[in-house]
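> Sequence first, then the predicted structure, then my questions.
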Amino acid sequence: MYKERILKLLRTSRGGYVSGEQLAAKMGISRTMVWKHIKSLEGEGFGIEAVPSRGYRITSVPDVLRIEDIRSGLKTKLIGRELLLLSATESTNTLAMEMAAKGAPEGVVVIAETQTGGKGRLGRKWISPRGNLYLSVILRPALPTHKAPLITLMGAVAAARAIRTTCRVPASIKWPNDILLSGRKAGGLLTEMSAEPERIKHVVLGIGLDVNMEMSELPADVRGLTTTLAVEAGARVDRTELVRQLLLELERWYGVFLSKENDVLREWGALNVTIGNRVAVSGLGDALQGLAQGIDSEGRLIVRQDDGTVRTVASGDVTILKK
């Protein structure tokens, strides 16, 4: 508690420096205790300059998510009502699914700085170096199971909007779950569900965004297909602000989805780069090529093949072909 109050005072000090005497007086603790909390903050990565007769001032802030910082500026009521921030976990989706199965309420958010077993679609591994964002949200919509894929589209809209607001870059969506910047992948979504025969019990919406990582963290064969928010924005991204904005957009678009799902599909259509292009679809079942004509009311991709037949695709990898 004292450490957070000291940090807040240092961050908001207009004069730059705050003396140890002032901090001790405001906290009601000794200057020795102030010094110990200063050292603790330095241990977390904060650069703190100490000048005799002037006091302390912050010179640098680490690129580390802190639960107190996220909460202090969060404007949501449902999404993020409970936040769990971990230095590392196997998979935020796996943990959130376990929590949901034990009764965790809707809106709980799990965030990790890194994942040791991050999951992508179709059983693939999601490489999860530090500096990015790995976040999963527990949702409990009272909906039939065939509506679940629309939650992925809703999450993609929220992610793209959050990136556009925070980073001022034109994030777009490739069906079904990729976030693109300058034609390269900068993130993705994974939706997992527990259901009864006709209705959803709970859904975990996982979002992974490549934010500030070094590209050297990725295998060489995927670097050319990948970018980061920092690269596209031309500067490191404030991940705390990105988390807050993402949770705010999720709350907004989840509410829209529950009341007017067609509005979500309309927004998805405005942000997507798939529809209207020739695509190749692979990954599950037969591979096919054709013109991506649209998505149906359940979020499935409609493809008109060169022979005129129309196929509806529920899952798979999409490659946008050059015209």
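Good, I have the coordinates.

> okay, CA-based contacts and neighbour counts for the rest of this
OK.

> Where do the strands of the chain begin and end?
In the chain, the strands defined using DSSP state E lie at 47-51, 55-60, 83-86, 109-112, 133-139, 172-174, 178-181, 184-195, 200-209, 278-282, 288-295, 301-305, 310-313, 317-320.

> Now the second one: buried residues?
Residues 55-58 are the ones in strand 55-60 that count as buried (16 or more other CA atoms under 10 Å).

> Packing partners of that strand?
helix 2-12, strand 47-51 (3 or more CA pairs under 8 Å, 6 or more residues apart in numbering; DSSP states H and E).

> repeat that for 6 Å
Under the contact definition 3 or more CA pairs under 6 Å, 6 or more residues apart in numbering; DSSP states H and E, strand 55-60 sits against strand 47-51.

> ok, now the last one?
Contacts defined by 3+ CA pairs under 6 Å, 6+ apart place strand 317-320 against strand 278-282.

> likewise the fifth one?
Counting contacts by 3+ CA pairs under 6 Å, 6+ apart, strand 133-139 is packed against strand 109-112, strand 200-209.

> Format the ones you listed as CSV; extra columns: mean pLDDT.
Below are those laid out as CSV (pLDDT from 0 to 100):
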stretch, mean pLDDT
strand 109-112, 98
strand 200-209, 97
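
> Pipe the ones you listed into a markdown table and attach distance to M97 and mean neighbour count per row.
Formatted as a markdown table, the helices and strands packed on strand 133-139 follow (distance: least, CA to CA, whole Å; neighbours: other CA atoms under 10 Å):
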| stretch | distance to M97 | mean neighbour count |
| --- | --- | --- |
| strand 109-112 | 10 | 25 |
| strand 200-209 | 6 | 24 |
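
> Quick one: closest of the strands of the chain to R66.
Comparing the strands of the chain against R66 with CA to CA, the closest turns out to be strand 83-86 (7.7 Å).

> May I have the closest one as PDB, with CA atoms only?
The C-alpha atoms that make up strand 83-86 are tabulated as PDB, following Å, rounded to 0.1, in the frame of the first residue of the first chain:
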ATOM      1  CA  LEU A  83      -8.300  -9.000 -12.900                       C
ATOM      2  CA  LEU A  84      -5.600 -11.600 -12.500                       C
ATOM      3  CA  LEU A  85      -2.100 -10.600 -13.700                       C
ATOM      4  CA  LEU A  86       0.600 -13.200 -13.800                       C
END
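
> Okay, now the sheet partners of it, with direction.
Sheet pairing for strand 83-86, assigned by DSSP bridges, gives strand 109-112 (parallel).

> contacts for the partner strand?
Here strand 109-112 makes contact (CA atoms under 6 Å, 6 or more residues apart in numbering) with 80, 83-88, 92, 134-137.

> So among those residues, which ones count as buried?
Burial by neighbour count, 16+ other CA under 10 Å: within these this picks out 80, 83, 85-86, 92, 134-137.
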